[in-house]
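Visitor: the following block contains a protein sequence and its predicted model.
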Amino acid sequence: MCKDCGCSITEHHHHHDHDHHSHTHQAAHETLHHNPQLNDSKTIEVISKILDKNDHEAAHNRAHFDAHGVLAINLMSSPGSGKTTLLEQMAERAPFRFGVIEGDLETNRDADRIRERDIPAYQITTGSACHLDAFMVHKGLHEMPLDDLEVCFVENVGNLVCPASYDVGTHLNIVLVSVPEGGDKIEKYPVMFRQADLVLITKTDLLPYFDYDIEHEKEQARRIKPGVDILEVSSKDPESIDRVIEWIEYKRKFQ
Amino acid sequence: MHEYSIVQALLDQCEEHAAAHDAKKILKVVTKIGVLSGVEPDLLQTAFDTFKEGTICEEAEFVIHLQKIVIYCRRCKKESTLEELNLACPRCESLETSIVDGEEMYLMSLEME
Ligand SMILES: Nc1nc2c(ncn2[C@@H]2O[C@H](COP(=O)(O)OP(=O)(O)OP(=O)(O)O)[C@@H](O)[C@H]2O)c(=O)[nH]1
Ligand SMILES: [Mg+2]
Ligand SMILES: [Zn+2]
Ligand SMILES: [Zn+2]
């Protein structure tokens, strides 16, 4: 039983990473034993992920999505890169039924924009938190009609830094970066682009107005995340939206 | 500025461990922070110093071990520690690599009394 919501998803084993064969754990031991000061009788060895409560909740969220056969996708980018616009356009074209959990610091505007397209949406306003965490998304997913959905998007708070550190319990991450942001974002925010299963270079209709070397950007993305999928998107080009939909359809087959 | 919420999670863990060991206070908190964990060590230190007040860690020394990126290359089957962020294997230039360390944040140990 889920303690917080009474739902029927069973509790998971704690993800304390006590896997003694893992390299991380070994490396952790080394750090500890190279420091003789730590071998004090009052010193206890812990070795747990600092965000392990969040990771545990994230696993719980994934179990919820899995139980309903819903593929969950986290959309991340700087403010204004085109996350909501992409969702609006997919509403018109996607063959799968989807819902959206919206994260913003303030306002219900993005959820309203989505609902106007007859797509179920739930707005989380984080107040001062610059990212969504698994607990906030858990609240949102219980507001979603998961039985009627095949895909659930989480539109994270517009921010290229903080959301990268939090597993919210989705299956895939799509990271957007738009042409007007300039050609150094991928190199400057490697932690975020490491998390990407798909990188979308958006607003490509604006390429004629910006000095943006798109091939160089793709190279940078692959340097940080070898083999990552990359697509170009413009809200003015429906076919580019269809390619994103095809990518999602492809992933759905492997769920 | 998610360093503040990370410190909050860390302090919660410290409280739990202290309670489990009947400790009155924590003297030292040792962490391992990957250079690709998305956290600024300086900001983490500041956040810790700000939030430790009134908690079991009020007098605790905060130690950060920065963990460089370690990759494993599937082509030459060797591990390498990277000085800069280029995930190509420095030995054979293959891109068939995966990160084995440097992406996570760990609480390693606690000194308490
Ligand atoms: N020219 C052009 N403009 C676009 C495109 N996609 C989005 N925009 C515009 O960019 C602006 C921001 O788009 P949103 O979809 O609201 O961006 P967002 O990522 O949801 O923003 P936040 O939720 O605030 O982080 C809007 O004015 C869109 O009309 C595109 O492909 N081409
Ligand atoms: Mg939006
Ligand atoms: Zn639940
Ligand atoms: Zn190699």
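Guide: That came through fine. As the structure is a computational prediction, the values presented were derived from the model and not from experiment. Ligands and ions are numbered 1, 2, ... in the order given.

Visitor: which bits of chain A sit near ligand 1?
Guide: A:77, A:79-85, A:110, A:158, A:202-203, A:205-206, A:234-235 (CB under 6 Å from any ligand atom). Using the backbone N, CA and C atoms, a C-beta is placed for each residue, glycine as well.

Visitor: inside strands: which ones of these?
Guide: A:Thr202 (DSSP state E).

Visitor: closest residue of the stretch 51-200 of chain A to ligand 2?
Guide: As assessed by CB to the ion, ligand 2 sits closest to A:Thr84 within the stretch 51-200 of chain A, at 3.3 Å.

Visitor: contact partners for that residue?
Guide: By CB atoms under 8 Å, 6 or more residues apart in numbering or on different chains, A:Thr84 lies in contact with A:102, A:110, A:113-114, A:155.

Visitor: A:Tyr189 now?
Guide: A:160-161, A:164 are the contacts of A:Tyr189 under CB under 8 Å, 6+ apart.

Visitor: now A:Val100: how far from A:Met144?
Guide: Using CB to CB, to the nearest Å, A:Val100 is found at 9 Å from A:Met144.

Visitor: overlap of the contact sets of the two?
Guide: With CB under 8 Å, 6+ apart, A:Val100 and A:Met144 have common neighbours A:120, A:122, A:152.

Visitor: list just the nearest of the residues you listed to ligand 4.
Guide: When the shared contacts of A:Val100 and A:Met144 are compared for distance to ligand 4 (CB to the ion), A:Cys152 wins out at 38.8 Å.

Visitor: local confidence estimate at B:Tyr4?
Guide: B:Tyr4 carries a pLDDT value of 92.

Visitor: helix or strand: which one has it?
Guide: For B:Tyr4, the host element (DSSP states H and E) is helix B:3-20.

Visitor: same question for A:Asn74.
Guide: Secondary structure assigned from DSSP H and E places A:Asn74 in strand A:71-76.

Visitor: how far does that strand sit from its chain's centre?
Guide: 5 Å (CA atoms, centre = their mean, to the nearest Å).

Visitor: elements contacting it?
Guide: Packing partners of strand A:71-76 (3 or more CB pairs under 8 Å, 6 or more residues apart in numbering or on different chains; DSSP states H and E): helix A:52-67, helix A:83-93, strand A:151-155, strand A:172-178, helix A:238-253.

Visitor: buried deepest among the ones you listed, which one?
Guide: Highest mean neighbour count among the helices and strands packed on strand A:71-76 (mean count of other CB atoms under 10 Å in any protein chain shown): strand A:151-155, with a mean of 26.

Visitor: let me know the average pLDDT across that strand.
Guide: Taken as a whole, strand A:151-155 has a mean pLDDT of 98.

Visitor: and the helix or strand hosting B:Thr50, is it in reach of chain A?
Guide: Using DSSP H and E, B:Thr50 maps to helix B:41-51. No. Helix B:41-51 does not reach chain A (CB under 8 Å from any CB of the partner chain); its nearest approach is 9.6 Å.
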